[in-house]
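Visitor: build me a model:
(chains A, B, C and D)
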2 protein chains.
Amino acid sequence: MDKALLEKFKDTLHTNGMKCTPARLSIFKEIYSSSEHFDADEIYFRMRQEKKSVSRATVYRTLDLLVENGFVSKVNVGASQVHFENTLAQEHHEHLVCTQCGKVIEFRNDMIEKQQDKICKKFGFFPTKHNLIIFGLCDKCQLRDN
Amino acid sequence: MDKALLEKFKDTLHTNGMKCTPARLSIFKEIYSSSEHFDADEIYFRMRQEKKSVSRATVYRTLDLLVENGFVSKVNVGASQVHFENTLAQEHHEHLVCTQCGKVIEFRNDMIEKQQDKICKKFGFFPTKHNLIIFGLCDKCQLRDN
DNA sequence: ACTGTAATTGAAACTCATTCTCATTTAGAA
DNA sequence: TTCTAAATGAGAATGAGTTTCAATTACAGT
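Guide: Sure, this is the predicted structure:
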């Protein structure tokens, strides 16, 4: 994982008067070790397997911290748990979610972004983030006999 | 509330071999008595107040039934509970949600819809529904000194 | 109208994700 | 090194939603 990124995280901790603990560092590394979506429990279990156990509470607390500081963002994929993705390793994008097999496809569309800005202006609304998710069937699941 | 709509609901129950019970009818009426968003517990409490109590379980079960049959749809408003809105009384639309005061503004934009179709075609994806939500500050909350 | 029966209901127990509590540990400033 | 506020882990608590099961009820067939 990117060394500069880790430094940026340490910086954020420092400038916010938060302690740079082993638990926080290893959760951060775990999250940035891949660019897939994940939920809190996945991180919790991945870390136990790697013998770098932290408590669930700490995973949840650290995720909150990371979201607040823009390192990670919440993604709605229609699941019962909150899903996350790291933000700095990748560009902003939206999601197609297959309701049959769970496959997630990412996409980006500038026209849609522009229209959103237009709409916000019209309503005098100041946007901070957005979330577009399209549910349906992926190519493979369309072929399967239900 | 629209009488034809109620008939349509009764029809749906009938053709699916489900019973037309007082609980189901009053939940249906309650939901269609306004076009606001709501969650399961709101319906539950509104009905107790009106002395038309049904159990929470029945509210949840009936909501599922209504979603499956297209009378109601789930809306993601970033809340911890699932939110709903009735579908037949209003057109499809998206949401602006103020993270400060909770105000919800509805909007509709054909350009965005068209772009979504394009994207789905590109990925061979068959869309069944979508959800666009923009979080931010409404006009009034922008003026307030935090 | 009456009966039989499968669907529906309510109450309470349960699940599951997440949050909270609190006693113990620890990072890092002095 | 010492001190202290911040962070941690373990487990209890919460809250939304689901399940279970015995009792009730809609309604198809008579």
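
Visitor: for the closest residue in space to A:Asn69 that isn't next to it in sequence, what are its contacts?
Guide: Once flanking residues are discounted, A:Asn69 sits nearest to A:Thr12: 5.1 Å by Cβ to Cβ, 6 or more residues apart in numbering or on different chains. Quick note: C-beta positions are derived from backbone N, CA and C, even for glycine. Taking Cβ atoms under 8 Å, 6 or more residues apart in numbering or on different chains as the contact definition, A:Thr12 lies against A:Met18, A:Asn69, A:Phe71.

Visitor: can you redo those as JSON lines with neighbour count and secondary structure?
Guide: Output for the contacts of A:Thr12, formatted as JSON lines (neighbours: other Cβ atoms under 10 Å in any protein chain shown; DSSP: H, G, I helix; E, B strand; the rest coil):
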{"residue": "A:Met18", "neighbour count": "12", "secondary structure": "coil"}
{"residue": "A:Asn69", "neighbour count": "15", "secondary structure": "coil"}
{"residue": "A:Phe71", "neighbour count": "22", "secondary structure": "coil"}
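
Visitor: quick one: which of these is nearest to B:Ala79?
Guide: Using Cβ to Cβ, A:Asn69 comes nearest to B:Ala79 of these, at 23.2 Å.

Visitor: separation between that closest one and chain B?
Guide: 17 Å (Cβ to the nearest Cβ, to the nearest Å).

Visitor: how far away is that residue from DNA strand C?
Guide: As judged by Cβ to the nearest atom of the strand, to the nearest Å, A:Asn69 and DNA strand C stand 15 Å apart.

Visitor: and that residue, its phi and psi?
Guide: Phi and psi for A:Asn69, reported as degrees, to the nearest 10, are phi -100, psi 10.

Visitor: in terms of pLDDT, where does it sit?
Guide: If you check A:Asn69, the pLDDT there is 95.

Visitor: likewise A:Val72?
Guide: pLDDT, A:Val72: 95.

Visitor: can you give the domain ranges for chain A?
Guide: A:3-86, A:94-143 (automatic domain parsing).

Visitor: let me know whether the shortest one sits next to DNA strand C.
Guide: No - with Cβ under 7 Å from any atom of the strand as the measure, domain A:94-143 is seen stopping short of DNA strand C, the closest distance being 14.1 Å.

Visitor: list phi and psi for A:Ile96.
Guide: Quick fix: residue A:96 is Leu, not Ile. Here is the backbone geometry of A:Leu96 (degrees, to the nearest 10): phi -110, psi 130.

Visitor: look up the closest residue to it, ignoring the ones flanking it.
Guide: In this structure, A:Leu96 finds its nearest non-sequential neighbour in A:Ile105, 4.1 Å apart by Cβ to Cβ, 6+ apart.

Visitor: tell me the confidence at the residue positioned nearest the centre of chain A?
Guide: The residue lying closest to the centre of chain A (Cα atoms, centre = their mean) is A:Glu85, at 1.8 Å. Per-residue confidence (pLDDT) for A:Glu85: 94.

Visitor: before we move on, what about A:Phe38?
Guide: A:Phe38 is given a pLDDT of 95.

Visitor: any idea how far A:Val82 is from A:Cys101?
Guide: With distances taken as Cβ to Cβ, to the nearest Å, A:Cys101 is found 21 Å from A:Val82.

Visitor: ok, which of the contacts of A:Thr12 also contact DNA strand D?
Guide: A:Met18.

Visitor: ok, so of the contacts of A:Thr12, who is nearest A:His92?
Guide: Using Cβ to Cβ, A:Phe71 comes nearest to A:His92 of the contacts of A:Thr12, at 14.3 Å.

Visitor: can you pull the contacts of the closest one?
Guide: A:Phe71 makes contact with A:Phe9, A:Thr12, A:Phe28, A:Ile31, A:Asn86, A:Thr87, A:Leu88 under the criterion Cβ under 8 Å, 6+ apart.

Visitor: now it: how far from DNA strand C?
Guide: The gap separating A:Phe71 from DNA strand C is 16 Å, by Cβ to the nearest atom of the strand.

Visitor: what about that residue, distance to A:Asn131?
Guide: Taking Cβ to Cβ as the criterion, A:Phe71 is separated from A:Asn131 by 18 Å.

Visitor: try A:Gln100
Guide: 22 Å.

Visitor: these two: which has the busier surroundings?
Guide: Using other Cβ atoms under 10 Å in any protein chain shown, the more surrounded residue of A:Gln100 and A:Asn131 is A:Asn131, with 18 against 13.
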